[in-house]
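S.K.: Structure of the sequence below:
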Amino acid sequence: MRYLTQQFAVGALRRGNGIEQFLGPAEVDGAAAVRWVAVTPMDGRYTVSLHTVRDLDDDRFADLPLFPSLDPVDEDYVGQGRELAGSPDEEAAMTLAERLTGATRDRWVNFGVAGEEYLDLVRSRRSRPSAI
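M.R.: Numbering: from 1, shown residues only. Just a heads-up that it's a prediction; the model follows:
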């Protein structure tokens, strides 16, 4: 199973490991994009960051932080995303992330796994029958 229970998500954060959630496709100034949110432990607090990158539509490459950013704030620090909020408490940080981005409690994954959901998205596009 890919998704973390709340207990496992909080445990990962307490151990110093980030969690993330794939938010799906988006459009930025006419360009196809995808977004994900991350909660990352940093200096005794938990940072919530939103990532918006170009949708490469490639089912062989899922390292989302390496995709070209479509957020000018992220341009200088590739892979860092736009910091939205922070909290000294793990569960409060998750709640902030959910409130600010539309993430849901039951879809958090370990850091690095959101790319697998991106691959699912790309493959689902290819498996759909084309309209005639």
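S.K.: Isn't Leu13 up against Pro41?
M.R.: Yes: counting by Cβ atoms under 8 Å, a contact exists between Leu13 and Pro41, whose distance comes to 5.6 Å. To be clear about C-beta, it is placed using only N, CA and C from the backbone, and glycine gets the same treatment.
S.K.: Those two - which one has more neighbours?
M.R.: When Leu13 and Pro41 are compared for neighbours, Leu13 comes out ahead with 21 against 18, by other Cβ atoms under 10 Å.
S.K.: who touches the more buried one in this structure?
M.R.: Each residue near Leu13 by Cβ atoms under 8 Å, 6 or more residues apart in numbering is listed here: Ile19, Val39, Pro41, Tyr46, Glu90, Ala93, Met94.
S.K.: With respect to Ser69, which of those residues is nearest?
M.R.: Proximity of the contacts of Leu13 to Ser69 was ranked by Cβ to Cβ; the top entry is Val39 with 19.2 Å.
S.K.: So in terms of bridging, what pairs with the closest one?
M.R.: Beta bridges link Val39 to Ile19, Val48 when assigned by DSSP bridges.
S.K.: tell me, what residue is most central in the chain?
M.R.: For the chain, Trp36 is the residue whose C-alpha lies nearest the centre (Cα atoms, centre = their mean; 2.4 Å).
S.K.: tell me which residues in whichever strand or helix holds Gly11 are buried?
M.R.: With elements taken from DSSP states H and E, the one containing Gly11 is helix 6-14. Under the neighbour-count criterion of 16 or more other Cβ atoms under 10 Å, helix 6-14 has Ala9, Val10, Ala12, Leu13 buried.
S.K.: can you count the residues close to Glu27?
M.R.: When counting by other Cβ under 10 Å, one arrives at 10 neighbours for Glu27.
S.K.: what's the answer for the one 5 residues further on, then?
M.R.: Residues contacting Ala32 under the criterion other Cβ under 10 Å number 13.
S.K.: my guess is it contacts Asp57, does it?
M.R.: Yes: the criterion here is Cβ under 8 Å, and Ala32 meets it with Asp57 at 7.2 Å.
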